[in-house]
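1. Fold the following, please.
(chains A and B)
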Amino acid sequence: MIDLKVLRENPELVRNSQRVRGEDPSIVDQLLVADETRRQAIVDFEALRAEQNILSKSVGSAKGDEKSALLENAKDLAGRVKAADAIRAEAESAAHQFLLKISNLIDSAAPVGGEADFVVLEHVGTPRDFSQSGFEPKDHVELGKILKAIDTERGAKVSGARSYYLTGVGALLEFALVNYAISSATRAGFTPVIPPVLVKPAAMEGTGFLGQAAENVYHLEEDDYYLVGTSEVPLAAYHMDEIVDSLPLRYAGYSSCFRREAGTYGKDTRGIIRVHQFDKVEMFVFCKLEDAAAEHQRLLQWEKDFLNAMEIPYRVIDVASGDLGSSAIRKFDCEAWIPTQGTYREVTSTSNCTEFQSRRLNIRYRDENGTKPVATLNGTLVAIPRMIVAILENHQNADGSVNVPLALRPFLGVDTLVPA
RNA sequence: GGUGGCGUGUCCGAGCGGCCUAAGGAGCACGCCUCGAAAGCGUGUGUGGAAGAAAUUCCACCGUGGGUUCAAAUCCCACCGCCACCGCCA
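-> So this is what the prediction gives:
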């Protein structure tokens, strides 16, 4: 959630942020009214409550007639306090509901517009010219079959559309990618974490996934648990309700991720680009607000380092305002070149969420002037299926074998994946 | 799954209807003492919110949520968590 003080002092800033995101700016004004009502209700309640505290004390020491007279008064006052308290609770909850609906204040540097209005920041590497190699590239589904690495048919049989098995070198490729990711993250100072993927509503709500993203979240009705779509959720909630004492805190979480992919019918139905379940190593950082922008650049650099190590051509885009999650003020995506699609596709993504999540999750640190919310940032180090797609398609040979990137070889144990 | 016990401030821990404005201790910070330190002594030490230009004043918070009462850390109910034992499973 955003800072109410900012909203009171500069509502137009917030309205504008809502507008460029394509969200409703009128919530700002509804919240301003609700906030005014809330504060008046608090003043009313507290005045009565203070009166009651004084009166109650005098009852204790009073005797006889005096006492029964006081009691009568106190009884009446108790009723009024209770009523005022109910009004206060109602007003606070109403104002809070509006507050939760407002997305984080967009970074003025982020490009304005919808999904297509991103800005390309840079290209790294050059897409391979397969005509020069003298063969048509196969897509990852075909390569996966030849290598006996990916089995989408049995995935569909057992778990429905958008499911898959990684087998043989496919499974080994996952372990190698994860081990490479975790070891480089550890070297960079991250604490490796294997978090729970089944979380309570507070964690989901706190990270901002029950707003616009709610339709993509699996919910276990019977127990009121959620399956996380990213380990960002349990990593952010790790320090929920805490005052942390050393910043920055950097975690690298490895977990399964679950996504309903609602509203994507017919999109990427072939292969493992868009699936309901996959594993991912996610970087997550808690830092001071003034360090967040620099940290965001560091996260982007670690993502680029990973793609460089995988020897995959990619571009970096600055995602447009209308395409950001509600928690993020700015987002950079790394898009890998996918030869058989002739285009760049998102493989990793990093967001600066400033204080938005930590206000909801109540995560603070202490400085000279008291406690302040921390800033949170997240970034993908590696999302397994898409990285496998990029590696297979970019490093394939005419016979269906695939060259393993140098950096991955020590972790995989072979230089080339050969058809089984 | 059953039974019993317990959840209090940064930590330990007392309190079991009004004097709780939460004892006592530890820790931490500052000061005194000291050549310097330790010990000792003194002072201070939570979070959130409201009003105010500010000093400050007030309100809430004793696992969470309800309830009883003029008044709840304290009594009642539900839930959550921790511990112990029993049962079941590995």
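
2. how about the residues of the stretch 251-400 of chain A that lie near RNA strand B?
-> Listed as neighbours of RNA strand B in the stretch 251-400 of chain A under the rule Cβ under 7 Å from any atom of the strand: A:364, A:366, A:370-371. No exception for glycine: its C-beta is placed from N, CA and C like everyone else's.

3. most neighbours, which of those residues?
-> Greatest neighbour count in those, by other Cβ atoms under 10 Å, goes to A:Arg364: 19 neighbours.

4. tell me which element it falls in.
-> strand A:363-367 (DSSP states H and E).

5. Just the CA coordinates for that strand, please, in PDB.
-> Output of strand A:363-367 as PDB, limited to C-alpha atoms (Å, rounded to 0.1, in the frame of the first residue of the first chain):
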ATOM      1  CA  ILE A 363       8.300  -5.000   7.600                       C
ATOM      2  CA  ARG A 364      10.400  -2.100   9.000                       C
ATOM      3  CA  TYR A 365      13.900  -1.100  10.000                       C
ATOM      4  CA  ARG A 366      15.100   1.300  12.600                       C
ATOM      5  CA  ASP A 367      17.100   4.500  12.000                       C
END
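
6. which residues in the stretch 151-300 of chain A form strands?
-> A:165-166, A:191-193, A:198-199, A:218-220, A:225-227, A:242-244, A:249-258, A:277-287 (DSSP state E, counting those that start in this stretch).

7. for A:Ile388, helix, strand, or coil?
-> When classified by DSSP: H, G, I helix; E, B strand; the rest coil, A:Ile388 comes out as helix.

8. State the pLDDT value of it.
-> Looking at A:Ile388, its pLDDT is 97.

9. before we move on, back to that, for the helix or strand just after the strand holding A:Arg364, give the mean pLDDT please.
-> Downstream of strand A:363-367, the next assigned helix or strand under DSSP H and E is strand A:370-373. Averaged across strand A:370-373, pLDDT comes to 81.

10. Can you give the strand pairings for strand A:370-373, parallel or anti for each?
-> Here strand A:370-373 has these sheet partners by DSSP bridges: strand A:363-367 (antiparallel).

11. just for chain A, where's the confidence low?
-> For chain A, residues meeting the criterion pLDDT under 70 lie at A:60-67, A:368-369.

12. sorry, back to before: ok, which of the strands of the stretch 151-300 of chain A comes nearest A:Ser401?
-> Closest to A:Ser401 of the strands of the stretch 151-300 of chain A is strand A:165-166 (Cβ to Cβ; 18.0 Å).

13. Contacts only, for the closest residue to RNA strand B within the stretch 201-350 of chain A.
-> For the stretch 201-350 of chain A, the residue closest to RNA strand B is A:Ile243, as judged by Cβ to the nearest atom of the strand, at 6.8 Å. Shown in contact with A:Ile243 (Cβ atoms under 8 Å, 6 or more residues apart in numbering): A:364-366, A:371.

14. Which of the residues you listed sits closest to RNA strand B?
-> When the contacts of A:Ile243 are compared for distance to RNA strand B (Cβ to the nearest atom of the strand), A:Thr371 comes out closest, at 3.9 Å.

15. residue contacts, that closest one?
-> Residues near A:Thr371 by Cβ under 8 Å, 6+ apart: A:243, A:364-365.

16. again with A:Gln40
-> Per Cβ under 8 Å, 6+ apart, neighbours of A:Gln40: A:Ala91.

17. The helix or strand that contains it: what's the following helix or strand?
-> Assigned by DSSP H and E, A:Gln40 falls within helix A:26-61. Next helix or strand after helix A:26-61 toward the C-terminus (DSSP H and E): helix A:64-101.

18. Give me the helices and strands touching that following helix, please.
-> Packing contacts for helix A:64-101, counted by 3 or more Cβ pairs under 8 Å, 6 or more residues apart in numbering; DSSP states H and E, involve helix A:26-61.
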